[in-house]
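Enquirer: Got a predicted structure plus its sequence, pasted below:
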Amino acid sequence: MPDMPEPWLLRGTLTTFTRRCGKPSCRCATGEPHASPALRYTDGGRTRTVTLSQGEVAEVAAALERYEAAARELQRSADAGITALRERRAARQGGRA
């Protein structure tokens, strides 16, 4: 995805859709269905899907991991802020939590 700034983040889930194309002469009519990698995410309460090319899968997986790492770091930072606030309030109140 060349028009996106690096490193970029994505939220959602990598998944694989399987489907049959409907052509009676295709291998999927009697055998394995077609498989397509996709990104699923929620937008405004609705699940959205972006079908990916095979070449985009590793790039999307890395962007999903960066998002998860950023979310974990944000959670750690928020937890530290709550701890600091509670400690400051306890110190002002003479040790009461």
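Expert: Ah, there it is. Residues are numbered from 1 along each chain as shown.

Enquirer: what ranges do the helices span in this structure?
Expert: Per DSSP state H, the chain carries helices over the ranges 57-92.

Enquirer: Give me the below-cutoff pLDDT ranges for it.
Expert: 1-5, 95-97 (pLDDT under 70).

Enquirer: check contacts around residue 10.
Expert: Neighbouring residues of residue 10 by C-beta atoms under 8 Å, 6 or more residues apart in numbering: 39, 41, 60, 63, 64, 67. (C-beta placed from N, C-alpha, C; glycine too.)

Enquirer: so who does the third one touch?
Expert: Translated: residue 60. With C-beta under 8 Å, 6+ apart, residue 60 has these contacts: 10, 14, 39, 52.

Enquirer: now the top strand by length along the chain and helix 57-92, what's the angle there?
Expert: Taking DSSP state E as the criterion, the chain has its longest strand at strand 34-43. Per axes from the mean of the first three to the mean of the last three C-alpha atoms, to 10 degrees, the angle that strand 34-43 makes with helix 57-92 is 30 degrees.

Enquirer: Can you name the residues in contact with strand 34-43?
Expert: Contacts of strand 34-43 with the rest of the structure, by C-beta under 8 Å, 6+ apart, involve 10-21, 28, 47-54, 56-57, 60, 64.

Enquirer: go again using 10 Å as the cut-off
Expert: 10-21, 26-28, 47-57, 60-61, 63-64 (C-beta atoms under 10 Å, 6 or more residues apart in numbering).
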